[in-house]
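> Next comes the sequence, and after it the predicted model I'd like to discuss.
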Amino acid sequence: MHKSGKLLWIFLLCFLLCTTGGILAHSPVLAEEKTQFIVGFDAEFPPYGYLENGEYVGFDLSLAEEVCKRNGWTLVKRPISWESKDSELASGAISCIWNGFTMNGREDKYTWTTPYIDNSQVVIVKKGGDIKSLADLKGKILVVQTDSSALAALTGEDATSENKKIAASLKDLQQVGDYNSAFMNLESGMVDAIAMDYGVAAYQLSGKDDVFTLLPERLSTEKYAVGFKSGNTELRDQVQVSLLEMLYDGTFENIAKEWGLSDSICLSFDDTTYADGMKVPSVDTGKLTKVATETEEASKGAGAKVQKMTIPEIARQLATGILATLAIFLLTILFSMPLGLLICAIRMSRFRILQAIARIYISILRGTPLMLQLLVVFFAPYYAFGINTPYSYRFIAVIIGFSLNYAAYFAEIYRSGFQGIPIGQREAAMTMGYNRRQTFIHILFPQMVKRVMPPVTNEIITLVKDTSLAFALAYTEMFTLAKQIAASQASLLPLFIAGIFYYVFNFIVAYLMEFIEKKLDYYR
């Protein structure tokens with residue numbers, strides 16, 4: 001029986017090695033790094049940057065593409081977690097933040113180009129409701145995106161007295177991570193209104209204008225610019241010159257018309273100084289040739305609109321993210337299970353200092369959020385040692401973070417399995433002449449494996465769902481992809497389809513673990 005169990009484990013190990021090897025061969029970890037202009041953006045922020053038909057598109061990305069073309073750069077469109085944008089920029093993981101990025105109130109925090117888009121903060125409500133103006137928000141529930149300009153307009157240091165009065169009169173000001181959740185709350189009646197950027201609101205309403213409407217008043221007006229790491233004036237100036245060249249020859253206006261943002265353009269040759277007081281470089285217009293701009297008639301109907309996808313189309317796009325999810329899952333299992341056994345051995349050591357080290361490790365890894373651990377693993381090389389890590393390290397950090405976390409849980413599961421074995425088993429082995437190593441390999445370990453299969457199965461199933469936390473490091477696995485598609489579709493349907501994928505994945509995992517458990521149940 002023990003022999004068959006060992007063969008089964010060897011087979012599983014070989015399967016994991018072969019499968020993960022194939023995955024890594026197609027993983028971005030091995031992609032060659034080149035000289036690039038890396039634009040960091042929120043891929044759930046249409047029309048400025050979002051996922052459409054498997055490609056990242058948007059007004060800001062179109063501008064960045066033209067800037068790169070004029071400078072001979074290679075454009076890299078890098079989706080980031082918006083909450084980590086400052087760390088991404090500071091560590092050099094991205095060249096700039098270019099994604100409907102508000103400069104108002106942040107003038108001293110980044111090195112900015114001159115503003116290129118005027119934007120307003122607006123409020124969306126359900127059609128036919130009793131909210132007709134901002135004054136009607138009194139006693140209502142308003143929702144905003146976390147760390148958004150709408151939140152700053154209502155509660156920030158520079159918020160107007162009128163907006164502060166509105167915020168104080170609300171029954172509740174709630175924050176959500178994405179606008180799809182906000183619209184779902186509004187449609188279901190859980191909140192009364194949403195405050196957001198006008199450009200994003202116009203895109204969302206293009207697919208739901210029969211359900212929602214904009215209030216005529218504006219909360220505030222703000223300006224978008226391209227944000228660089230503080231002090232990076234050289235790169236800022238190069239981008240600024242290219243934008244002004246595009247403005248002069250008509251390219252900028254054509255791109256704005258394509259995305260329905262012509263009325264929001266504020267880029268101007270009249271801005272002769274930056275927010276930091278430095279002088280804007282002059283542009284040699286003598287070398288430029290003006291391009292033909294579209295007529296008003298030709299541009300009618302232009303602008304970003306929700307392009308509805310069928311369920312099979314959504315499923316096909318989500319399928320591309322399964323490989324990344326599978327890689328995280330398999331590699332975490334491959335590294336965390338043996339690491340957990342090592343930690344378990346240290347935890348059960350006769351040496352108190354080793355026991356204490358293992359206890360502290362387990363306490364920290366089980367007592368802090370996995371998302372925080374991922375951020376620490378990824379950004380520690382830069383903040384602790386000043387090391388700029390390549391993009392490929394993002395995936396490595398995900399695997400390290402997951403493996404360290406799950407090893408702590410597996411260690412305690414293994415320990416419970418060993419301690420549940422009657423002491424008579426060890427005594428019988430000693431009577432039969434087994435040494436400590438033989439007792440562990442032939443007597444204790446097989447019984448431990450059999451005893452811990454149910455809790456190990458639970459942890460493995462939890463791991464399948466926890467793979468979605470990789471989004472904290474802007475690693476695009478299946479659920480992150482689902483959120484990006486949901487933003488472009490202005491619908492939660494992609495998230496429900498992703499849920500089906502997870503269920504099927506977990507069903508297969510549970511079936512395999514049950515099969516292994518039955519094989520190990522040799523007493524029956």
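On my side now, so go ahead. Please read these numbers as outputs of a predicted model, since none were measured by experiment.

> what's the single longest helix in the protein?
In terms of residue count, the longest helix belonging to the chain (DSSP state H) is helix 311-347.

> Just the CA trace of the next helix or strand after that one, in PDB.
Following the chain from helix 311-347 toward its C-terminal end, the next helix or strand by DSSP states H and E is helix 352-367. This file holds the C-alpha atoms of helix 352-367, laid out as PDB (Å, rounded to 0.1, in the frame of the first residue of the first chain):
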ATOM      1  CA  ARG A 352      13.500  26.100  21.200                       C
ATOM      2  CA  ILE A 353      15.000  28.800  19.100                       C
ATOM      3  CA  LEU A 354      14.100  27.000  15.900                       C
ATOM      4  CA  GLN A 355      10.600  26.500  17.300                       C
ATOM      5  CA  ALA A 356      10.300  30.200  18.000                       C
ATOM      6  CA  ILE A 357      11.400  31.200  14.500                       C
ATOM      7  CA  ALA A 358       8.800  28.900  12.900                       C
ATOM      8  CA  ARG A 359       6.100  30.200  15.300                       C
ATOM      9  CA  ILE A 360       6.900  33.800  14.400                       C
ATOM     10  CA  TYR A 361       6.900  33.000  10.700                       C
ATOM     11  CA  ILE A 362       3.600  31.200  10.900                       C
ATOM     12  CA  SER A 363       2.000  33.900  13.000                       C
ATOM     13  CA  ILE A 364       3.000  36.700  10.600                       C
ATOM     14  CA  LEU A 365       2.000  34.900   7.400                       C
ATOM     15  CA  ARG A 366      -1.300  33.700   8.800                       C
ATOM     16  CA  GLY A 367      -2.000  37.000  10.700                       C
END
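
> what separates helix 352-367 from the chain centre, distance-wise?
Between the centre of helix 352-367 and the centre of its chain there are 30 Å (C-alpha atoms, centre = their mean, to the nearest Å).

> For that helix, which helices and strands make contact with it?
helix 311-347, helix 393-419 (3 or more C-beta pairs under 8 Å, 6 or more residues apart in numbering; DSSP states H and E). (C-beta placed from N, C-alpha, C; glycine too.)

> Let me see the contact set for residue 116.
The contact partners of residue 116, by C-beta atoms under 8 Å, 6 or more residues apart in numbering, come to 63, 224-226, 243, 252, 265-267.

> Just put those in JSON lines and tack on secondary structure, neighbour count and pLDDT.
As requested, these are arranged in JSON lines below (DSSP: H, G, I helix; E, B strand; the rest coil; neighbours: other C-beta atoms under 10 Å; pLDDT from 0 to 100):
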{"residue": "63", "secondary structure": "helix", "neighbour count": "26", "pLDDT": "96"}
{"residue": "224", "secondary structure": "strand", "neighbour count": "28", "pLDDT": "93"}
{"residue": "225", "secondary structure": "coil", "neighbour count": "28", "pLDDT": "95"}
{"residue": "226", "secondary structure": "coil", "neighbour count": "28", "pLDDT": "96"}
{"residue": "243", "secondary structure": "helix", "neighbour count": "23", "pLDDT": "96"}
{"residue": "252", "secondary structure": "helix", "neighbour count": "21", "pLDDT": "95"}
{"residue": "265", "secondary structure": "strand", "neighbour count": "16", "pLDDT": "90"}
{"residue": "266", "secondary structure": "coil", "neighbour count": "14", "pLDDT": "92"}
{"residue": "267", "secondary structure": "coil", "neighbour count": "23", "pLDDT": "93"}
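
> just curious, which of these is nearest to residue 487?
residue 224 (18.3 Å; C-beta to C-beta).

> partner residues bridging the closest one?
For residue 224, the beta-bridge assignment (DSSP bridges) gives partners residue 102, residue 117.

> Looking at the chain, name the residue that lies furthest from the middle.
residue 431 (57.4 Å; C-alpha atoms, centre = their mean).

> that older thread, buried deepest among the helices and strands packed on helix 352-367, which one?
Neighbour counts (mean count of other C-beta atoms under 10 Å) averaged over each of those peak at helix 393-419, with a mean of 21.

> quick one: average pLDDT of that helix?
Confidence for helix 393-419, expressed as mean pLDDT, is 93.

> What is the neighbour count of residue 218?
When counting by other C-beta atoms under 10 Å, one arrives at 15 neighbours for residue 218.

> now residue 108
10.

> what's near enough to touch it?
By C-beta under 8 Å, 6+ apart, the residues touching residue 108 are residue 276.

> Run through the residues that contact the residue nearest to the spatial centre of the chain.
Among the residues of the chain, the one closest to the centroid is residue 471, at 3.1 Å (C-alpha atoms, centre = their mean). For residue 471, the contacting residues are 81, 477, 479-480, 483, taking C-beta under 8 Å, 6+ apart as the criterion.

> out of those residues, which is most surrounded?
Scoring the contacts of residue 471 on neighbours with other C-beta under 10 Å, the highest-scoring entry is residue 480 at 26 neighbours.

> any weak-confidence spans in the stretch 251-400 of the chain?
Under the criterion pLDDT under 70, the flagged ranges of the stretch 251-400 of the chain are 292-306.

> so what pLDDT did the residue nearest to the centre of the chain get?
In this model, residue 471 carries a pLDDT of 85.

> State the distance from it to residue 44.
Applying C-beta to C-beta, to the nearest Å, the value for residue 471 to residue 44 is 10 Å.

> Repeat that for residue 511.
Note on residue 511: its distance to residue 44, by C-beta to C-beta, is 34 Å.

> out of the two, which sits in the busier spot?
Residue environment comparison for residue 511 versus residue 44 gives the larger neighbour count to residue 44, 23 against 10, counting by other C-beta under 10 Å.

> these two touch, right, the more buried one and residue 487?
Yes. A contact is recorded between residue 44 and residue 487 when judged using C-beta atoms under 8 Å, the distance being 3.6 Å.

> Overlap of the contact sets of these two?
Common contacts of residue 44 and residue 487 (C-beta under 8 Å, 6+ apart): 50, 178-180.

> burial measure for residue 65, as a count.
Neighbour count for residue 65, taken as other C-beta under 10 Å: 17.

> Give me the pLDDT for it.
In this prediction, residue 65 carries a pLDDT score of 96.

> quick one on the thing from earlier: now for residue 471 and residue 44: what residues contact both?
residue 483.

> distance of residue 341 from residue 56?
42 Å.

> so what's residue 324 up against?
When contacts are counted by C-beta under 8 Å, 6+ apart, residue 324 touches 27, 470, 475-478.
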